[in-house]
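> my questions concern the predicted model and sequence given below.
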Amino acid sequence: MQANQLQKSLWLLLMVLSALLISSLVPAFKVGSIEIKKTDLLADIKGDLPELTETPAVATIVTDSVIDSVIQVKPTSVPQPFPCADKNCLQDFSPNKITLKNFFRALKQSNRRQVRIAFYGDSFIEGDVLCGSFRDTLQSLFGGSGVGFVPIASEVAQYRTSIQHSYTNWEAYSLVGKQSPQIILGISGHAFVPLPDNEAEFKPPRKPANKKFDRISLFYKSEKEAPIRYVVNDTLTVNDTLPASILANQVVLQANQAATIKLSFPNADSLIAYGLNFDSETGIFVDNLAMRGNSGIGLYGLDTTNLKQFNHYLDYKLILLQYGLNVVTETDSTDYTWYETRMVRVVNRIKAIFPDAGIVLIGISDRAGNQNGKILTIPAIARMRKTQLKIAQRTQIAYWDLFEAMGGENSIVKFAEAKPPLAAKDFTHLTFLGGRRLAKKLADALLFERTRYEKKPDL
């Protein structure tokens, strides 16, 4: 009798399940005002699953601690448009979107060779306020040790934290300062002529302690041989002679694993010194080529032959251009067509000089001023953003919207009022903490773009 009841229960269960499965095939319908919804036996399970529209093989998100997470998911059978994390993406206006192709290819070999980035900009990035964290993040991912190229002298040497730097008795030339037809400017737009009793000293950053330079090289040019004297670790003195070179030349100094180096050039006749390069044989390097007061237009005045010579040694794979703040003012109402025309010439010239480098134009940051008694984003920012987007489109390079990355309208005000502050009270420049935050955004955007490139079959 009990077995018979069990058999009836099993048949009843099968009948109920069959009815439910059949009902799940019936679409939703209405009977009068009553809506009959479609039955879904798996609704409770599906509700806990995220909806996937795109699945990169590896999506890397960089955080203040370098990497927050690496998410790995299997690709879908039908690729969908690649989503942009937090709308923090590069816009690539090149045909087939291959502006950064060489850069991403080089990253795959960073354990065997150098990968170099030139970061041009104005006072917004000087002192490594943004570049420092950007460099540290990339080096932690792709290797490399050193701050890269550092000019012999710098207005911001006293507060740059990525290297300790002091100097005396140098005559400075630059794109925005003193110029001479006889003084050919270098890759950073600077050149320095030694005066009597000249000296330049460099030490690693104070943190982490006991850090040393892996390799140090000097960039210079001189019509005649030039004597050089340098002291390593305050004990080892080297007296040498630099060979004559009418083009920019690079000489590696005998200072491996140095904790300090102090240079001087006695009786230098025709010597022009450009700067020192601190690097290692492999890994990624970010050269901070900032110049206070530069609008970017001045780059057109750099000597083509000298730039190509620098690139012969440095072989840049990526060039970042951050400009615009020295053009806009609180009362300016121009549409910046003149700036667009000139910067298109600059970018096209850079493309010709550095043919293997991808170029990213970084849009203007937020800047605020007194608008009818309130500190608000100045109106000229919107017009400059439109202009820079047109520049990127016309020259077919990539564009990164720094204004949006900061948070958009009045974000610089929020930065300045944050505790601790992320920006200065001039509502224009960043603190190092603010630079760190935006460096993360820039690294995220580059790495996110990298995942899209790696999905292309030709890479």
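Ah, there it is.
> could you chop this protein up by domain?
Each domain of the chain is listed here as a residue range: 87-144+282-459, 148-281, per automatic domain parsing.
> most packed of these?
domain 87-144+282-459 (a mean of 19; mean count of other C-beta atoms under 10 Å). C-beta coordinates here come from the backbone N, C-alpha and C atoms, glycine included.
> and that domain, average pLDDT?
Across domain 87-144+282-459, the average pLDDT comes to 95.
> correct me, but residue 117 touches residue 314?
No: under the criterion of C-beta atoms under 8 Å, residue 117 makes no contact with residue 314, lying 9.9 Å away.
> so what sits against both of the two?
Shared between the contact lists of residue 117 and residue 314 (criterion: C-beta atoms under 8 Å, 6 or more residues apart in numbering) are residues residue 287.
> which residues touch the closest residue to residue 197 other than its chain neighbours?
Beyond its immediate neighbours in the sequence, the residue positioned closest to residue 197 (C-beta to C-beta, 6 or more residues apart in numbering) is residue 169, lying 5.2 Å away. For residue 169, the contacting residues are 194-199, taking C-beta under 8 Å, 6+ apart as the criterion.
> then residue 384?
Taking C-beta under 8 Å, 6+ apart as the definition, contacts of residue 384 comprise 324, 327-328, 336, 339, 364.
> so it belongs to a helix, correct?
Yes: using DSSP: H, G, I helix; E, B strand; the rest coil, the secondary structure at residue 384 is a helix.
> in JSON lines: the contacts of residue 169, plus distance to residue 220 and secondary structure.
Conversion of the contacts of residue 169 to JSON lines gives the following (distance: C-beta to C-beta, whole Å; DSSP: H, G, I helix; E, B strand; the rest coil):
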{"residue": "194", "distance to residue 220": "10", "secondary structure": "strand"}
{"residue": "195", "distance to residue 220": "15", "secondary structure": "strand"}
{"residue": "196", "distance to residue 220": "18", "secondary structure": "strand"}
{"residue": "197", "distance to residue 220": "19", "secondary structure": "strand"}
{"residue": "198", "distance to residue 220": "13", "secondary structure": "strand"}
{"residue": "199", "distance to residue 220": "15", "secondary structure": "strand"}
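> so residue 323 sits right up against residue 122, yeah?
Yes: contact criterion C-beta under 8 Å: residue 323 and residue 122 qualify, at 6.0 Å.
> if we can go back for a sec, and the residue nearest to residue 197, what element?
Secondary-structure element containing residue 169, defined by DSSP states H and E: strand 164-174.
> can I get the CA coordinates of that strand in PDB?
Provided in PDB are the C-alpha atoms of strand 164-174 (Å, rounded to 0.1, in the frame of the first residue of the first chain):
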ATOM      1  CA  GLN A 164      66.600  65.300  -5.600                       C
ATOM      2  CA  HIS A 165      68.100  68.000  -7.900                       C
ATOM      3  CA  SER A 166      70.200  71.100  -7.300                       C
ATOM      4  CA  TYR A 167      72.300  73.300  -9.600                       C
ATOM      5  CA  THR A 168      74.300  76.500  -9.800                       C
ATOM      6  CA  ASN A 169      75.800  78.700 -12.500                       C
ATOM      7  CA  TRP A 170      74.000  77.800 -15.700                       C
ATOM      8  CA  GLU A 171      72.700  80.000 -18.500                       C
ATOM      9  CA  ALA A 172      69.300  78.700 -19.500                       C
ATOM     10  CA  TYR A 173      67.600  78.900 -22.900                       C
ATOM     11  CA  SER A 174      64.100  77.700 -23.600                       C
END
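> can you tell me the strand partners of that strand and which way each runs?
Under the criterion DSSP bridges, strand 164-174 sits next to strand 190-203 (antiparallel) in its sheet.
> state the mean pLDDT of the partner strand.
97.
> hey, C-alpha coordinates of it in PDB?
The C-alpha coordinates for strand 190-203 follow below in PDB (Å, rounded to 0.1, in the frame of the first residue of the first chain):
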ATOM      1  CA  HIS A 190      65.500  73.600 -23.000                       C
ATOM      2  CA  ALA A 191      69.300  74.000 -23.400                       C
ATOM      3  CA  PHE A 192      71.900  75.000 -20.800                       C
ATOM      4  CA  VAL A 193      75.300  76.600 -21.200                       C
ATOM      5  CA  PRO A 194      77.800  76.100 -18.400                       C
ATOM      6  CA  LEU A 195      79.100  79.200 -16.600                       C
ATOM      7  CA  PRO A 196      82.300  79.400 -14.500                       C
ATOM      8  CA  ASP A 197      82.000  77.200 -11.300                       C
ATOM      9  CA  ASN A 198      79.000  75.400 -12.700                       C
ATOM     10  CA  GLU A 199      77.600  72.400 -11.000                       C
ATOM     11  CA  ALA A 200      74.600  70.000 -11.100                       C
ATOM     12  CA  GLU A 201      73.800  67.400  -8.500                       C
ATOM     13  CA  PHE A 202      71.300  64.600  -8.600                       C
ATOM     14  CA  LYS A 203      70.200  62.100  -5.900                       C
END
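> distance from the chain centre to that strand, please.
For strand 190-203, the gap between its own C-alpha mean and the chain's C-alpha mean amounts to 29 Å (C-alpha atoms, centre = their mean, to the nearest Å).
> what does it contact?
Taking C-beta under 8 Å, 6+ apart as the rule, strand 190-203 contacts 150-153, 163-174, 183-185, 213, 216, 259-265, 268, 271-276, 278, 291.
> how about 7 Å then?
The list of residues contacting strand 190-203 from outside it, by C-beta atoms under 7 Å, 6 or more residues apart in numbering, reads 150-153, 163-174, 183-185, 259-265, 268, 271-274, 276.
> equivalent analysis for stretch 397-412, please.
The contact list for stretch 397-412, computed with C-beta under 7 Å, 6+ apart, reads 87-88, 90-94, 99-100, 347, 358-368, 376-377, 381, 385, 389, 392, 414, 423, 427, 438, 441-442, 445.
> just those: which are in strands?
The subset of these located in strands under the criterion DSSP state E comprises 90-92, 358-362, 368, 376-377.
> farthest pair in those?
Looking at the ones in strands among the contacts of stretch 397-412 by C-beta to C-beta, the two members farthest from one another are 358 and 376, with 35.2 Å of separation.
> between strand 358-362 and the helix or strand hosting residue 341, find me the angle.
Residue 341 is part of helix 337-353, with elements assigned from DSSP H and E. Relative orientation of helix 337-353 versus strand 358-362 (axes from the mean of the first three to the mean of the last three C-alpha atoms, to 10 degrees): 160 degrees.
> OK, contacts around the nearest residue to residue 364 once chain neighbours are set aside?
For residue 364, ignoring the flanking residues on the chain, the nearest one in space by C-beta to C-beta, 6+ apart is residue 324 at 3.5 Å. Listed by C-beta under 7 Å, 6+ apart, the contact set of residue 324 reads 364, 384, 388.
> want to throw these into a markdown table with distance to residue 401?
What follows is the contacts of residue 324, written out as a markdown table (distance: C-beta to C-beta, whole Å):
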| residue | distance to residue 401 |
| --- | --- |
| 364 | 9 |
| 384 | 12 |
| 388 | 9 |
